[in-house]
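Participant: can you look at this prediction? I've put the sequence above it.
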Amino acid sequence: MDRVINNADDIKKLNIPDAYKNERTLDRIKGAEAFTKLLKGEVPVIGWIEGPLAEACDLGGKVKLHICGNITHLLPSIKEINADIVDLDWQVSLNDAFEQLGHESVLCGNGNKPYKVIILTTKRIFNKVRYFG
């Protein structure tokens, strides 16, 4: 099977998907809307919606692995999978993951961003993002 995505220029050629016409994203959008209505703005609603870039990675034949939660104890087994990308939840130390997985996989994730946005001031968020970016 030929890859649809072979380089960054191929991503630019993709049509922009309509999240409201895709079953995978629409159920999450409707869920966030329902909670927002139910909670009447008294509590923040934070949801996850699969992004087009993740789909582009799928189309490009990249193997991305994400398992929710603290999977530190699984890292030795994950190394054997040889995933192109390992997406870590915030409970997993990037240092531990790098020590166990090495350079074979690209590591990403490891942020409890919604929680941080709720508890941090705008200035502290800016400084943290600037530090990582």
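Facilitator: Great, that's in hand. Everything numeric in this text was worked out from a predicted model, so none of it was measured.
Participant: show me what contacts Leu74?
Facilitator: For Leu74, the contacting residues are Ile67, by C-beta atoms under 8 Å, 6 or more residues apart in numbering. Where you see a C-beta, it was placed from the backbone N, CA and C, and this is true even at glycine.
Participant: let's see that with 10 Å instead.
Facilitator: Neighbouring residues of Leu74 by C-beta atoms under 10 Å, 6 or more residues apart in numbering: Ile67, Ile81, Val92, Gln100.
Participant: what do you get for Ile78?
Facilitator: Ile78 makes contact with Leu65, Ile67, Ile71, Val86, Leu88, Ala97, Gln100, Leu101, Glu104, Ser105 under the criterion C-beta under 10 Å, 6+ apart.
Participant: can you say which helix or strand has Glu33 in it?
Facilitator: Taking DSSP states H and E as the criterion, Glu33 maps to helix 23-39.
Participant: in that helix, what counts as buried?
Facilitator: Buried residues in helix 23-39, counted by 16 or more other C-beta atoms under 10 Å: Thr25.
Participant: export that helix to PDB, keeping only CA atoms.
Facilitator: This file holds the C-alpha atoms of helix 23-39, laid out as PDB (Å, rounded to 0.1, in the frame of the first residue of the first chain):
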ATOM      1  CA  GLU A  23     -18.400  10.600  13.200                       C
ATOM      2  CA  ARG A  24     -15.200  10.300  15.100                       C
ATOM      3  CA  THR A  25     -15.000  13.900  16.000                       C
ATOM      4  CA  LEU A  26     -18.700  14.800  16.000                       C
ATOM      5  CA  ASP A  27     -19.500  12.600  19.000                       C
ATOM      6  CA  ARG A  28     -16.900  14.400  21.100                       C
ATOM      7  CA  ILE A  29     -18.100  17.800  20.000                       C
ATOM      8  CA  LYS A  30     -21.700  16.900  20.900                       C
ATOM      9  CA  GLY A  31     -20.600  15.600  24.200                       C
ATOM     10  CA  ALA A  32     -18.700  18.800  25.100                       C
ATOM     11  CA  GLU A  33     -21.800  20.800  24.000                       C
ATOM     12  CA  ALA A  34     -24.100  18.700  26.100                       C
ATOM     13  CA  PHE A  35     -21.900  19.100  29.200                       C
ATOM     14  CA  THR A  36     -21.600  22.800  28.600                       C
ATOM     15  CA  LYS A  37     -25.400  23.100  28.500                       C
ATOM     16  CA  LEU A  38     -25.900  20.900  31.500                       C
ATOM     17  CA  LEU A  39     -23.300  22.700  33.700                       C
END
